[in-house]
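In: fold the stuff below for me.
(2 chains)
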Number of protein chains: 2
Amino acid sequence: MIGPAMATMLSVIATDYPLTPEMADSFLRSAVNQSFNRISVEGHTSTNDACILLAKPVSEESSPVAESSLASFRNTLHEMTLELAKKIPADGEGATHLIRIVVSGAATDADADRVARTIAMSNLVKTAVAGADPNWGRIVSAAGYAGVQLAVEEVSLRVNGLLLFTNGEPAPFDAAAASQSIRDGFDTLIELTIGQGAGHSAHYTSDLTADYVRLNADYTT
Amino acid sequence: MIGPAMATMLSVIATDYPLTPEMADSFLRSAVNQSFNRISVEGHTSTNDACILLAKPVSEESSPVAESSLASFRNTLHEMTLELAKKIPADGEGATHLIRIVVSGAATDADADRVARTIAMSNLVKTAVAGADPNWGRIVSAAGYAGVQLAVEEVSLRVNGLLLFTNGEPAPFDAAAASQSIRDGFDTLIELTIGQGAGHSAHYTSDLTADYVRLNADYTT
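Out: Okay, the predicted model is just below:
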């Protein structure tokens, strides 16, 4: 039960960095939106999610914090939440791949996110990765039903860096090499550009294997 | 690649019943909306769907058709498209169950449809049925993230007629009997009432088995 709204997760982050409640709230929301809210296993939203940031309070005696130090803290918080978030689909039931889906060129970031999530929720895309199948048709068609504006002649796709589809047409590619690149690694990278604007998003998901089914069919939660 | 917008399907229906083009269009749209547009296997919308109705044209010489005869033709068309539509998820890759999801008591029919589709798309619900697991938690939580107004204390659930959840609480039920009723039949009936109004919808889907994964992971489309 790992879904896109924080996934099933209780996360507590502690720091001795001095933060006001407003800073802590703002930094954590931003970090969570780029990490725990960008992952899924099968997209079934859970009912118990929490991410808590405990920090040292800013007191009268605290020396003022430099802007550069604040920016550095913020970046570290982003990196850390992303590392933690990726561990969830990487450890998904029966997962043999962690799939990173990067969508760029959407009209807006929200559109890019919608396309990335739709690809991430497609059982056909997830089984293709499990089977090391560089199946551009399943990925491009999932983008097509995501409900955002796109023109197929502007769509291009790379899997693990190999160009499979360019400007609306399948590209000539070495299918055996593409398949091998999926089979050989735990990480699979799907990059889709849709040529509508500057909207960008990334989403992480697991592949779908027969073990996922067995693990979820054979016990009662 | 079986999704909710007609699914992957080319269907041709022929009749010698006399119809004007307007009647044929109206009758077919209505029938398709209640049948081919209410089914899914994994919800991956296909790119090639069509349903065509060929009828005898109404000519100058045609005798006028009685209202009751028209109504009867319309009902028959509805029944026939539904029978054909159900065969698609029933024959879904690796399917061991045809799941009928009936949602009633939604604020609107569109809300009921959204809840039914969300349950139908949940891999956790579909694996539970494959495993003959009367898992009310997965069904009710899927309804909860469908994005429609509901209050859990108004929600009740029956599976194969057995009351599993009533007014927001799990009902006392014979888990072994409920499991047996799923295991024994090919058809599984999920009935959810959400107490918001008179909105109603039904959706048909297949369960999710390890064979689905094997069939979709082991070949390239």
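In: apart from its chain neighbours, what residue comes closest to residue A:141?
Out: In this structure, residue A:141 finds its nearest non-sequential neighbour in residue B:47, 5.9 Å apart by Cβ to Cβ, 6 or more residues apart in numbering or on different chains. From N, CA and C alone the C-beta is placed, and that goes for glycine too.
In: distance-wise, check the one you found relative to residue A:35.
Out: In this view, residue B:47 and residue A:35 are 34 Å apart by Cβ to Cβ, to the nearest Å.
In: higher neighbour count, these two?
Out: residue A:35 (25 against 12; other Cβ atoms under 10 Å in any protein chain shown).
In: ok, the longest helix along chain A near chain B or not?
Out: Ranked by residue count, the top helix of chain A under DSSP state H comes out as helix A:67-90. No: Helix A:67-90 is not in contact with chain B by Cβ under 8 Å from any Cβ of the partner chain; minimum separation 13.6 Å.
In: check which helices and strands the helix or strand just after that helix is in contact with.
Out: The first helix or strand that comes after helix A:67-90 along the chain, using DSSP states H and E, is strand A:98-106. Contacts defined by 3 or more Cβ pairs under 8 Å, 6 or more residues apart in numbering or on different chains; DSSP states H and E place strand A:98-106 against helix A:67-90, helix A:109-121, helix A:123-130, strand A:187-193, strand A:199-206.
In: tell me what the first one is packed against?
Out: Read it as helix A:67-90. On a contact count with 3+ Cβ pairs under 8 Å, 6+ apart, helix A:67-90 meets strand A:9-19, helix A:21-33, strand A:39-40, strand A:98-106, strand A:199-206.
In: which one of the ones you listed is the most hemmed in?
Out: strand A:39-40 (a mean of 26; mean count of other Cβ atoms under 10 Å in any protein chain shown).
In: doesn't residue A:47 fall inside a strand?
Out: No: secondary structure of residue A:47, determined by DSSP: H, G, I helix; E, B strand; the rest coil: coil, with no strand assignment.
In: okay but it is in contact with residue B:144, surely?
Out: Yes: judged on Cβ atoms under 8 Å, residue A:47 makes contact with residue B:144 at a distance of 7.1 Å.
In: for the host helix or strand of residue A:180, which residues meet the burial criterion?
Out: For residue A:180, the host element (DSSP H and E) is helix A:175-184. For helix A:175-184, burial by neighbour count (16 or more other Cβ atoms under 10 Å in any protein chain shown) applies to A:178, A:179, A:181, A:182.
In: do the same with stretch A:55-63
Out: Quick answer for stretch A:55-63 (16+ other Cβ under 10 Å): A:55, A:58.
In: over to stretch A:205-221?
Out: A:205, A:206, A:207, A:208, A:209, A:210, A:212, A:213, A:214, A:216, A:217.
In: cool, stretch A:190-201 as well?
Out: Applying 16+ other Cβ under 10 Å to stretch A:190-201 flags A:190, A:191, A:192, A:193, A:194, A:195, A:196, A:199, A:200, A:201 as buried.
In: what does stretch A:37-53 give?
Out: A:37, A:38, A:39, A:40, A:41, A:42, A:43, A:44, A:45, A:49, A:51, A:53.
In: centre of the chain to that stretch, how far?
Out: 12 Å (Cα atoms, centre = their mean, to the nearest Å).
In: also stretch A:68-84?
Out: Per Cα atoms, centre = their mean, the centroid offset for stretch A:68-84 relative to its chain is 17 Å.
In: now it - C-alpha only, CSV.
Out: Extracted as CSV, the C-alpha positions of stretch A:68-84 are listed here (Å, rounded to 0.1, in the frame of the first residue of the first chain):
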residue,chain,number,x,y,z
SER,A,68,24.5,30.4,2.7
SER,A,69,24.3,28.1,5.7
LEU,A,70,20.5,28.0,5.5
ALA,A,71,20.7,27.2,1.8
SER,A,72,23.1,24.4,2.6
PHE,A,73,20.8,23.0,5.3
ARG,A,74,17.9,23.1,2.9
ASN,A,75,19.8,21.2,0.2
THR,A,76,20.9,18.6,2.6
LEU,A,77,17.3,18.1,3.9
HIS,A,78,16.2,17.7,0.2
GLU,A,79,18.9,15.2,-0.5
MET,A,80,18.2,13.2,2.7
THR,A,81,14.4,13.0,2.2
LEU,A,82,15.0,11.9,-1.4
GLU,A,83,17.4,9.2,-0.4
LEU,A,84,15.0,7.9,2.3
